[in-house]
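# how would this look folded up:
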Amino acid sequence: MGVADEQIRVSSTVKRRIERYRREGESYNDVLERLLMTEDAGDFEDGFGRWSAEDAERVRDRRQRGKKDRKRRMRERAEDAA
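Numbering: from 1, shown residues only. Predicted structure coming up:
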């Protein structure tokens, strides 16, 4: 596996989830590489393959709607302030 030369910050929840997949002697980088390279692990955004395609799509849709709503509210507030 590759040598880690960058650091990333993850929440304690994400760290615990990664630890559940960790095999003896594996680094966090090794775990992530293995999960991301495994065909049946699914899309990273799909919760490491734990969500059904329907659940993942529902979450994506909600996130997109949330982004649109936040942008709309920001525009409205900017207009009100002007």
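
# Show me the shaky parts of this protein.
1-4, 38-49 (pLDDT under 70).

# how about the strands of it, start to end?
In the chain, no strands are defined using DSSP state E.

# longest helix in it, by residue count?
helix 53-81 (DSSP state H).

# So for that one, what gets flagged as buried?
Across helix 53-81, burial judged by 16 or more other C-beta atoms under 10 Å covers residue 56. For the C-beta atoms, the positions are set from N, CA and C on the backbone; glycine is no exception.

# From the chain's centroid, how far away is that helix?
Here the centre of helix 53-81 is set off from its chain's centre by 18 Å, with C-alpha atoms, centre = their mean, to the nearest Å.

# What of stretch 23-42?
15 Å.

# contacting residues for residue 66?
Going by C-beta atoms under 8 Å, 6 or more residues apart in numbering, residue 66 touches no other residue.

# And it, how far from residue 32?
In this view, residue 66 and residue 32 are 26 Å apart by C-beta to C-beta, to the nearest Å.

# any idea how far residue 81 is from residue 71?
16 Å.

# State the number of residues packed around the closest residue to residue 26 other than its chain neighbours.
Once flanking residues are discounted, residue 26 sits nearest to residue 34: 7.6 Å by C-beta to C-beta, 6 or more residues apart in numbering. For residue 34, the neighbour count with other C-beta atoms under 10 Å is 15.
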